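Trainee: next comes the sequence, and after it the predicted model I'd like to discuss.
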Amino acid sequence: MSSDFSSLPPANAALAQHALRAFEQVVGSTSGFRRRAGQHQMAEAVAATLAQADIGEHPNPTKAIAVIQAGTGVGKSAAYASTAIAMALERKTRVIISTATVALQEQLMTKDLPALARSMDQPFAYALAKGRGRYVCKVKLERLVGSGAAEDDLFDDDLPQPKVSALSQEAIEERRQALYEGMAHKLAVASWDGDRDNLADTPDPRDWSAVAAERHTCTARHCPRYKECSYYNARTKLAEANVIVANHDLVLASLGMKTLPDLDNCLVVFDEGHHLPAVALDQFSSAMDLSNLRWLDKLPKTMTEVAGKLALHLGEDVQTVTSQLKGALTSVARMAMDLVWAHTGQDAHGSGKDGTLRFAHGVLPEALHEPVRQIQAQATGLSKALEALGVDVKAIAKDDPSQAVLCAQLYAQLGGIAPRLGSLVSTANLLLEHGDQPLAKWMQAESESGYLTMTAHACPIVPGDLLRQFLWSQVRGAIVTSASLTSCGSFDYFLKEAGLANKDYVTALEVASPFNYAKQGSLTVVQTQTDPKHADAYTAEMVRALMQDIEQVKRGALVLFTSRAQMRTATEAVPGHMMDMVLVQGTQSRTRLLAAHAERVESGLPSVLFGLQSFGEGLDLPGALCETVFIAKLPFAPPSDPVDEARAEWLRSVGRDPFNELVIPATGVKLLQWTGRAIRTEEDRAQVICYDKRLTQTGYGKRMLAGLPAYKLGTRTSI
């Protein structure tokens, strides 16, 4: 296929042509690859976009970002990876490929990139980037193995522990000790590289947290184990790699941290890019625990002991300030509890049920202002004292190598405090912040095993602003791709959510799937008698129809529910003679559930998966594994999410319509993902059955329908 890059300057056109030739060679030389017009169109867009971007030092750099929706079956990873890698090698820079799921990371690392490395002319190295917490800290591990206990540590999780007998506690300690000794032995004989994911058995998160190589507990180059550090060894491999596979969380969390290459000096691909807005909100939100404050009792003792062992001076009266901080947190917790229970209509001396109270328009009640200001001031003071002490400990490690081991251990103890204080400072700052655009602010009470936990939360409400300010301001050349970037047939919603709307350096392209949806599939909308807005009556009617339909399933099928309660109602309605054929999400691990499903289908038995939103995206069930997708109801988000509520409230206050602007487009994206479970290959034949008549009977339903593949459309009446 010929490509026209004549609109580009000659040097850029030559770069684009070079990258596209690499893609064409991969397609031509790799067995099993099919030549697809859509895949070539995507590779051409990737080449043209990345060729325009100026990276590195430049007086007036050109930015170029392509937003590409590539339908199922296009082969997007081969299209972007071969092209971007060839471009990076030619420009003597690197590529970051960022994903949203572990499954895609594994596919890239174990399948796609090895295949490309075998078929491309130029050799390249690739590596997987992970956060520090996935690696073991040898200093912490040695201390635990050497002492056999860690009672004075702050590494332990402060979630309430169920009461256990002394015998049980002894058994727990023995198990932990055996775990740590086993880890130390594996490291000593080089049968393990210190990566948590490479252990045969995944350790309990509580056990792992005691030995994780977290940033706040690391003296880095001053550590006596620096040269054999698992995390820094992995960092060395990253530094040597031409291609780095990461995830959106790590990319956003690492901005300005030097963990990954500078984004203005490399090429970036965001696959599963539709997740970026949600990840941004999560990264820039903050929460503080108002209930589990035992760590504060240990804080003064820890800081005083560390200072004493190294003859250092604490500038702050840590004991007094900590006591004041605990008092302020307790005061806020008490007031928050009263507010939440009053809001949910519970007696303050009642059972303490779960509840959430969001503060309207992001305005904190007047009574909370002073104690939150106290938390802000006291936590900030302690955080600065802790930081200063840490700097002194590092300085001693640098100046006196004989004390390096002791300093590393003491610094690790201090590091256990830093994130907790940090969350208090950041949450208090956000709770007290007032601007033109409000934040979502709320209190949440949750009970588990008889314990009540009260937390305070604050979160920005417009992800596009965050991404524009912190991510796109740094990126020069990028591809954002996914199978679901349009909603209701338009890119507008995603571009706004991602902070890319109305930017002259952004282009959007929709590459159609090679599948013939009209011939390969059908979409039937069931016209129920009950309005879906009447949840209980609708669910009862939908479940009756669903039971009749799944009885007709001959091989594999998937049912997608909008809530756990809805799925529970359907599960309880499954008749006895059909119970063996229904597999419900949450009853066993996802891997085992899918394996059981495949085993039944391959042995000629019908099998129906019941699942929620996480089964509506990224689940690949080709052929007989999924010949029918049942959609219980249009996947509107639950109306109680505090961030969504706050955003809708703000939009209404400025004269905008949140239902049309946010709710419908977001639901349209989910519906596109859910229906996308049906047809996965050119050979598949599948049907989608949706029980929500609003899809064909309302204006917004028809908007969503217009954004779906061109299935053969039909309707039927519920019996």
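Mentor: That came through, no problem.
Trainee: what about the strands in the stretch 301-450 of the chain?
Mentor: 355-358, 440-448 (DSSP state E, counting those that start in this stretch).
Trainee: the residue most distant from the middle of the protein, which is it?
Mentor: A311 (43.5 Å; CA atoms, centre = their mean).
Trainee: and of the strands of the stretch 301-450 of the chain, who's closest to Y226?
Mentor: Nearest to Y226 among these is strand 440-448 (40.0 Å), distances taken as CB to CB. No exception for glycine: its C-beta is placed from N, CA and C like everyone else's.
Trainee: quickly run through the sheet partners of the helix or strand just after that closest one, with directions.
Mentor: Remark: after strand 440-448, the chain's next helix or strand is strand 451-459, criterion DSSP states H and E. Counting by DSSP bridges, the strands paired with strand 451-459 are strand 286-289 (antiparallel), strand 440-448 (antiparallel).
Trainee: which among these is found nearest to V340?
Mentor: When these are compared by CB to CB, strand 440-448 sits nearest V340, at 4.9 Å.
Trainee: buried ones in that closest one, by neighbour count?
Mentor: A440, K441, W442, M443, Q444, A445 (16 or more other CB atoms under 10 Å).
Trainee: same check, this time on stretch 131-138
Mentor: Using 16+ other CB under 10 Å as the test for burial, stretch 131-138 gives G131, R132, R134, Y135, V136, C137, K138.
Trainee: so which residues of the stretch 1-150 of the chain form helices?
Mentor: Listed in chain order, the helices of the stretch 1-150 of the chain (DSSP state H, counting those that start in this stretch) span 10-29, 37-52, 76-90, 102-107, 113-119, 138-147.
Trainee: and what of the stretch 501-650 of the chain?
Mentor: Under the criterion DSSP H, counting those that start in this stretch, the stretch 501-650 of the chain carries helices at the ranges 517-520, 535-550, 564-573, 590-602, 642-653.
Trainee: L651: neighbouring residues, count only.
Mentor: For L651, the neighbour count with other CB atoms under 10 Å is 18.
Trainee: show me where pLDDT drops low in this protein?
Mentor: For the chain, the stretches flagged by pLDDT under 70 are 1-2, 31-33, 147-167, 345-353.
Trainee: next, the angle strand 451-459 makes with the lengthiest helix in it.
Mentor: What stands out as the longest helix in the chain, according to DSSP state H, is helix 366-399. If you take axes from the mean of the first three to the mean of the last three CA atoms, to 10 degrees, helix 366-399 sits at 90 degrees to strand 451-459.
Trainee: against which helices or strands is helix 366-399 packed?
Mentor: helix 294-309, helix 318-344, helix 404-415, helix 418-432 (3 or more CB pairs under 8 Å, 6 or more residues apart in numbering; DSSP states H and E).
Trainee: my read: K138 touches S230, true?
Mentor: Yes. Counting by CB atoms under 8 Å, K138 does reach S230; the two are 7.2 Å apart.
Trainee: who touches both of the two?
Mentor: Taking CB atoms under 8 Å, 6 or more residues apart in numbering as the contact rule, K138 and S230 both touch L187, G194.
Trainee: out of the buried residues of strand 440-448, which comes closest to K63?
Mentor: Among these, and counting by CB to CB, the member closest to K63 is A440, at 30.7 Å.
Trainee: okay, and the beta partners of that closest one?
Mentor: A440 has these beta-bridge partners by DSSP bridges: C459.
Trainee: quick one, what contacts it?
Mentor: Contacts of A440 by CB under 8 Å, 6+ apart are R358, G362, H457, A458, C459, P460, I461, P642, V643, E645, A646, R647.
Trainee: what's around the fifth one, how many residues?
Mentor: Read that as C459. Close neighbours of C459, defined as other CB under 10 Å, add up to 21.
Trainee: I'd assumed S285 was in contact with it.
Mentor: Yes. Counting by CB under 8 Å, C459 does reach S285; the two are 3.6 Å apart.
Trainee: touching both of the two, which residues are there?
Mentor: By CB under 8 Å, 6+ apart, the residues touching both C459 and S285 are V643.
Trainee: before we move on, the earlier item: with distance to R703 added, can I get the helices of the stretch 501-650 of the chain in JSON lines?
Mentor: Putting the helices of the stretch 501-650 of the chain into JSON lines (distance: least, CB to CB, whole Å) gives the following:
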{"stretch": "helix 517-520", "distance to R703": "18"}
{"stretch": "helix 535-550", "distance to R703": "21"}
{"stretch": "helix 564-573", "distance to R703": "24"}
{"stretch": "helix 590-602", "distance to R703": "32"}
{"stretch": "helix 642-653", "distance to R703": "18"}
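Trainee: so which of these gets nearest T110?
Mentor: With distances scored as CB to CB, the stretch of the helices of the stretch 501-650 of the chain nearest to T110 is helix 590-602 (15.6 Å).
Trainee: most packed of the helices and strands packed on helix 366-399?
Mentor: Mean neighbours per residue, mean count of other CB atoms under 10 Å, is largest over the helices and strands packed on helix 366-399 for helix 404-415, with a mean of 22.
Trainee: still on that earlier bit, mind putting the helices of the stretch 1-150 of the chain into a markdown table with distance to L662?
Mentor: Compiled in a markdown table, the helices of the stretch 1-150 of the chain are given as follows (distance: least, CB to CB, whole Å):
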| stretch | distance to L662 |
| --- | --- |
| helix 10-29 | 37 |
| helix 37-52 | 28 |
| helix 76-90 | 27 |
| helix 102-107 | 27 |
| helix 113-119 | 37 |
| helix 138-147 | 45 |
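Trainee: between these, which one is nearest to L467?
Mentor: helix 37-52 (18.0 Å).
Trainee: ok so, going back, closest to L382 out of the strands of the stretch 301-450 of the chain?
Mentor: Among these, strand 440-448 sits nearest to L382 (CB to CB), with 23.1 Å.
Trainee: can I see the domain layout of this protein?
Mentor: As given by automatic domain parsing, the domain ranges for the chain are 10-116+248-281+464-511, 132-234, 285-459, 517-717.
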